[in-house]
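Q: Turn this into a model:
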Amino acid sequence: MIIDFHVHVFSKNIRDDRSTYFPDETAFKLLYESPKSKLVGATETLRMMDEEGIDKSVIFGFPWRNADTFKRENDYIIETVQKYPDRFIGLACFDAMNPEAAAETERCLDAGLRGVGELAFYESGIDEACIDALDPIMALCREQGRITLIHTNEPVGHTYPGKSPNTLVQIYRMLQAFPENTIVLAHWGAGIFFYNLLKREVKASLKHVRYDTAASPFLYDVDIYAMAGQMAGQDKVLLGTDYPLLKPGRYFGDMEKSGISPEETAAICGGNARELLGL
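A: I've put the predicted structure just below:
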């Protein structure tokens, strides 16, 4: 079973008139103002999955600031999962700073979504205020054994739309704040798994953390697959394509070039996610 752990889908309202949302949703504008930034719905995603050999996808929308928008988009995720339960696993997405975020978490978990994500702080980084805002959300996920997917990105290198000002210290402090939560860090967790090599403290703080591969072909050499496996453990790595940014084939090609074993590839492409999700 091949599972893509990082796929964005949007309702027809968003796809048909994205510019309507730009004035109030500056982070959305930052990522999707260019017409080259594709927006897809469930039907197009299913077509891609069939073409690329993906059995299941973990789907979610965008961390909208506006509560009416994120409720409507989360409803779309809920409806999609209910319509295609064998193909989609859903996460609730919203701006964690919104006062209604905890209530929305509870609503969506009660509706059958498997967690929350991709939560992101594109314009602030993951500062103390963000960690405080995450607290009630993380408590609900922890109590119900659900996952949380958090956007992270490397704090050095070239800039691009959606690259937040997060730092490794901020990411680490967030993980320390929620040591018993199952957290997936998008985009290889900004490379924080390197610090598993430290002899004290960090291994315990990263015990329940996983890392997805989203946007890896744009960001990292193929060697990251072997290196992440050595430092974090191959059981902690999840295939995430960030579709429609990239299709799975790009990742399959990189894994083949990386020299990791077929068994390690199979774990990244589905085995690890299957265990994490209890499938």
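Q: In CSV, list the C-alpha atoms belonging to stretch 84-96.
A: Output of stretch 84-96 as CSV, limited to C-alpha atoms (Å, rounded to 0.1, in the frame of the first residue of the first chain):
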residue,chain,number,x,y,z
TYR,A,84,-14.2,8.0,-0.7
PRO,A,85,-13.3,6.3,2.7
ASP,A,86,-11.0,3.8,1.0
ARG,A,87,-8.9,6.4,-0.7
PHE,A,88,-8.7,9.5,1.6
ILE,A,89,-7.8,10.2,5.2
GLY,A,90,-8.6,13.7,6.3
LEU,A,91,-7.0,16.3,8.6
ALA,A,92,-8.6,19.5,9.8
CYS,A,93,-6.9,22.7,8.9
PHE,A,94,-7.2,26.3,10.2
ASP,A,95,-5.2,29.1,11.6
ALA,A,96,-4.2,27.9,15.1
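Q: does residue 37 sit in a helix, a strand or a coil?
A: Secondary structure assignment for residue 37 (DSSP: H, G, I helix; E, B strand; the rest coil): coil.
Q: Could you do residue 5 as well?
A: Residue 5 is classified as strand under three-state DSSP.
Q: mind listing what it touches?
A: By C-beta atoms under 8 Å, 6 or more residues apart in numbering, the contact list for residue 5 reads 57, 58, 149, 184, 212, 238, 239, 240, 273. Just so you know, the C-beta spots here come from the backbone N, C-alpha and C atoms, and that holds for glycine as well.
Q: Pick out whichever of these sits closest to residue 83.
A: Checking those against residue 83 by C-beta to C-beta gives residue 57 as the nearest, at 13.5 Å.
Q: Make sure the closest one is indeed in a strand.
A: Yes. Under three-state DSSP, residue 57 sits within a strand.
Q: wait, doesn't it sit right on residue 90?
A: No. Applying C-beta atoms under 8 Å as the test, residue 57 and residue 90 come out as separate, 9.7 Å apart.
Q: Would you mind confirming that residue 64 is in contact with residue 28?
A: Yes. Here residue 64 reaches residue 28: they are 7.1 Å apart, a contact under C-beta under 8 Å.
Q: in the host helix or strand of residue 103, what's buried?
A: Secondary-structure assignment from DSSP states H and E places residue 103 in helix 101-110. Using 16 or more other C-beta atoms under 10 Å as the test for burial, helix 101-110 gives 101, 102, 104, 105, 107, 108, 109.
Q: So which elements touch the helix or strand just after it?
A: Downstream of helix 101-110, the next assigned helix or strand under DSSP H and E is strand 115-119. Applying 3 or more C-beta pairs under 8 Å, 6 or more residues apart in numbering; DSSP states H and E, we find strand 115-119 packed against helix 101-110, helix 128-144, strand 147-150.
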